[in-house]
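Q: sequence-free structure coming up:
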């Protein structure tokens, strides 16, 4: 009976999300470190900006000279870094030295830009790469008179070494062309502590939030497919930083998600979910930190596809078309990190299982897509078959909360003068279901279970002359694939992702990556996958109007089966604390390919996000 049903409704109606979690579809971005706060204060002679990160990162600092239409700009590129959700992407300053502070993400690089007033220069100092000070002062004729460009102590000057500074003088600015060059570091004296409030040791609370609306409409209407989808999501958060002590600090984070998805299909679940997003405490010392609670942890170095980013499960109710950081589901864990001068060791224990969120039926992005709808809307099928399809339900069996079911992971990273490397191992659970049986009449129950999984990986990252080279390789002992009888089969796989990216001073961004996904002991009954699956994917992005408007195109081309995905978009950031994006998602390929099976899901979309 299963064979007769699938032959009538078409195999393209049962495309599976299990595979795309690891190897294809839309590009996404992922990060390791986080920019937690941006603080500034000013006098007529000096505006000081402090960037506080949660860990050390590699970074590059540049100055872009004034042009006919724009003033000087000083900017810093933070590698493998995301921006905390409590931070706005634009902060208006409008004092005598600085116009505004703005930020943008290009793959895994976070760029923070200072738009300077006329005849201003920028100096930057660092404290173990985790706290960065940027001073904006009037351009002076000689170094001997630049009293106000000196850098204040970052902590206790009696116990810590003097910071280093990247000092960009007026003469250096004149010599630079429109193509920027990094400035060499040199030591500098200390300033009076008039800006000490920026590094205050007192405890503080920060409240933040955002509201996001998403709506999409298919290019073509089809009675057996979803034509529209809308989603309204809000996140409210509180960050707490305890009193800073000489040897340790304590901080906490709590956030709440409110999420409502509206599907076009009346049979789909349109309920509103209210769940805690993150909730954890972190104790940090000079050489180690420990955090306990519900957290999001990012492993891996590659820009878009990241086979090692498996600590957290995914919300796949919009497939892979959602930004990675919004799609990842924080999970309960204990996390311990020890920092050496060049080596970091990290250990994670997850006591409870967290599955990925997905629908099984009745949406374009469901596990079995619109299979049930294709059957019930097919006028050639008998009523008994339609009733059978309408009554199909899913019985999930999840791992219990016991010591034998915990997950554990460890990661060793080390730095050289030119590159970062990492070696990791995780013993956990596959977060997507293994389908042990698909029903035939009169049985109406899909049986789904979850299986153990082990992942071993290696990652690397380096930057040569503003070009980033990143990659990672993972060996996964068991991955579930859908077969042509709609049940699952597990195979070992290896996944290699390598790529390069470049961000120009004029804010052009280019990213190109390759993916090789190999299935061991391959069998032809697996859907949508060959033994070797090669993909080419990337992104082109251009920011204009001083960061207020952005054009981008993401793409994915599967060389193995010649299917593709394209996502052109326009993002307007002119209005304070508001991002407005318009775009399209276009799939192409044969119906028996993974990307081509979504060709009826081609859609235009709009997203509005308001932060507060």
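A: Yes, it's here. Just so you know, these numbers come straight off a predicted model, no measurement behind them.
Q: In the helix or strand hosting residue 132, which residues are buried?
A: Assessed by DSSP states H and E, residue 132 sits inside strand 131-138. Neighbour-count burial for strand 131-138 flags 131-138 (criterion: 16 or more other CB atoms under 10 Å). Quick note: C-beta positions are derived from backbone N, CA and C, even for glycine.
Q: How about stretch 486-496?
A: Using 16+ other CB under 10 Å as the test for burial, stretch 486-496 gives 486-489, 491, 493, 495-496.
Q: Closest one of those to residue 285?
A: Of all these, residue 285 sits closest to residue 495, with 35.9 Å by CB to CB.
Q: Please work out the average pLDDT along the host helix or strand of that closest one.
A: Assigned by DSSP H and E, residue 495 belongs to strand 488-503. For strand 488-503, mean pLDDT rounds to 94.
Q: Tell me which other helices or strands it touches.
A: With contacts taken as 3 or more CB pairs under 8 Å, 6 or more residues apart in numbering; DSSP states H and E, strand 488-503 sits against strand 109-116, strand 434-437, strand 467-482, strand 508-519.
Q: before we move on, the earlier item: the strand holding residue 132 - contacts with which helices or strands?
A: strand 46-53, strand 73-78, strand 109-116, strand 120-127.
Q: wait, what's in contact with residue 259?
A: 231-234, 272-275 (CB atoms under 8 Å, 6 or more residues apart in numbering).
Q: try it again with 7 Å
A: 233, 272-273 (CB atoms under 7 Å, 6 or more residues apart in numbering).
Q: And residue 419, by the same measure?
A: If you count contacts by CB under 7 Å, 6+ apart, then residue 419 has 460-462 around it.
Q: Pick out the least confidently modelled helix or strand of the protein, by mean pLDDT.
A: Least confident helix or strand of the chain, by mean pLDDT, DSSP states H and E, is helix 170-175 with a mean of 34.
Q: following the host helix or strand of residue 535, which helix or strand comes up?
A: Per DSSP H and E: residue 535 is located in strand 532-544. Proceeding N to C from strand 532-544, the next assigned helix or strand is strand 549-558, under DSSP H and E.
Q: got the angle for that next one vs strand 532-544?
A: 170 degrees (axes from the mean of the first three to the mean of the last three CA atoms, to 10 degrees).
Q: which helices and strands sit right next to strand 549-558?
A: Applying 3 or more CB pairs under 7 Å, 6 or more residues apart in numbering; DSSP states H and E, we find strand 549-558 packed against strand 532-544, strand 563-572.
Q: Touching that strand from outside, list them.
A: 24-27, 533, 535-543, 564-573, 593, 595.
Q: mean confidence for that strand?
A: For strand 549-558, the per-residue pLDDT averages 94.
Q: That strand: which residues count as buried?
A: Here strand 549-558 shows 550, 552, 554-558 as buried, counting by 16+ other CB under 10 Å.
Q: Name the member of those with the shortest distance to residue 409.
A: Nearest to residue 409 out of those is residue 556 (CB to CB; 28.2 Å).
Q: How much space separates that closest one from residue 570?
A: 20 Å (CB to CB, to the nearest Å).
Q: Ok, residue 476 next?
A: Plainly put, residue 476 is 37 Å away from residue 570 if you go by CB to CB.
Q: any idea where the helices of the stretch 251-400 of the chain begin and end?
A: 324-327, 371-376, 383-390 (DSSP state H, counting those that start in this stretch).
Q: Throw the ones you listed into a markdown table and include mean pLDDT, thanks.
A: Listed next are these as a markdown table, based on pLDDT from 0 to 100:
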| stretch | mean pLDDT |
| --- | --- |
| helix 324-327 | 74 |
| helix 371-376 | 79 |
| helix 383-390 | 84 |
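Q: Tabulate the ones you listed (CSV), appending mean neighbour count.
A: Listed next are the helices of the stretch 251-400 of the chain as CSV, based on neighbours: other CB atoms under 10 Å:
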stretch, mean neighbour count
helix 324-327, 18
helix 371-376, 24
helix 383-390, 15
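Q: From the chain's centroid, how far away is stretch 570-584?
A: Between the centre of stretch 570-584 and the centre of its chain there are 18 Å (CA atoms, centre = their mean, to the nearest Å).
Q: Can you check the distance spanned by it, start to finish?
A: Using CA to CA, to the nearest Å, one end of stretch 570-584 lies 10 Å from the other.
Q: tell me which residues of that stretch are tucked away?
A: Buried, per 16+ other CB under 10 Å, within stretch 570-584: 571, 573, 579, 581, 583.
Q: neighbouring contacts of stretch 284-293?
A: 247-249, 279-283, 332, 334-339.
Q: Look up phi and psi at residue 600.
A: In terms of degrees, to the nearest 10, the main-chain angles of residue 600 are phi -80, psi 0.
Q: nearest residue to it other than its sequence neighbours?
A: residue 225 (5.1 Å; CB to CB, 6 or more residues apart in numbering).
Q: The one you found contacts residue 372, doesn't it?
A: No - taking contacts as CB atoms under 7 Å, residue 225 lies outside contact range of residue 372: 11.9 Å.
Q: about what we covered before: now the helices and strands packed on strand 131-138 as a markdown table including distance to residue 442?
A: Output for the helices and strands packed on strand 131-138, formatted as a markdown table (distance: least, CB to CB, whole Å):
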| stretch | distance to residue 442 |
| --- | --- |
| strand 46-53 | 60 |
| strand 73-78 | 59 |
| strand 109-116 | 56 |
| strand 120-127 | 69 |
